[in-house]
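Enquirer: Predicted model and sequence below, questions to follow.
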Amino acid sequence: MLAIFRLSSFLHSMGIPLLPWLLKVLNRVLFACSVPPSVKVGRNVVFGYQGLGIVVHKRAVIGNNVIVGPNVTIGGRSGHEQVPVIEDDVLIGAGARILGPVRIGRNAQIGANAVVLVDVPEGAIAVGVPAVVKLPRNTQMIASNPVMESQK
């Protein structure tokens, strides 16, 4: 699936009009996923179960070393022009939905079936519907200690 996507993305970047979209349809038929050739996907990205059920908005950006579980939607939201940006080293659990003008920070984790409608800071965890952002334990300790906070 990812090889077909990479080929369609390359052809799209070369300005070839029809073939990239035919390859997108091939991916849709073979793997039940919709990843348009215009999506920016970084290196070492893994789409779980060969991308089964994954839907990605055509203007979304996915960084390097991202793991995307099956049945994940990275899409737009009604009334918003911006689309999600996923930074490097992010883990997105199966069935998660990341919608609208959302930035998922580096090393963040999105829980399975979470619906993310707000930004997730670097290293944070987002879980639930709608997703609640939880900071890692060491970050909370730093935030609650004014001495350590001033040293940041």
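Expert: It's in. From a predicted model like this one, the values you see are computed outputs, not experimental measurements. Numbering: from 1, shown residues only.
Enquirer: buried residues in stretch 100-115?
Expert: Buried residues in stretch 100-115, counted by 16 or more other C-beta atoms under 10 Å: 100, 102-105, 107-111, 113-115. Heads up, the C-betas are built off the backbone N, CA and C, glycines and all.
Enquirer: can I get those residues in CSV with pLDDT?
Expert: Shown next, in CSV, are the buried residues of stretch 100-115 (pLDDT from 0 to 100):
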residue, pLDDT
100, 95
102, 96
103, 96
104, 96
105, 95
107, 95
108, 95
109, 96
110, 96
111, 96
113, 96
114, 96
115, 97
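Enquirer: Out of the residues you listed, which comes closest to residue 49?
Expert: residue 113 (15.7 Å; C-beta to C-beta).
Enquirer: I figured that closest one hits residue 98, correct?
Expert: No: judged on C-beta atoms under 8 Å, residue 113 makes no contact with residue 98 at a distance of 11.9 Å.
Enquirer: Contact partners for the residue minimising distance to the centre of the chain?
Expert: Centroid check for the chain by C-alpha atoms, centre = their mean gives residue 86 as the closest residue, at 4.6 Å. Shown in contact with residue 86 (C-beta atoms under 8 Å, 6 or more residues apart in numbering): 60-63, 66, 74, 92, 98, 104.
Enquirer: ok, back up a step: now for the buried residues of stretch 100-115: which two are most distant?
Expert: Farthest pair in the buried residues of stretch 100-115 (C-beta to C-beta) is 100 and 107. Separation: 21.6 Å.
Enquirer: Cool, thanks, talk later.
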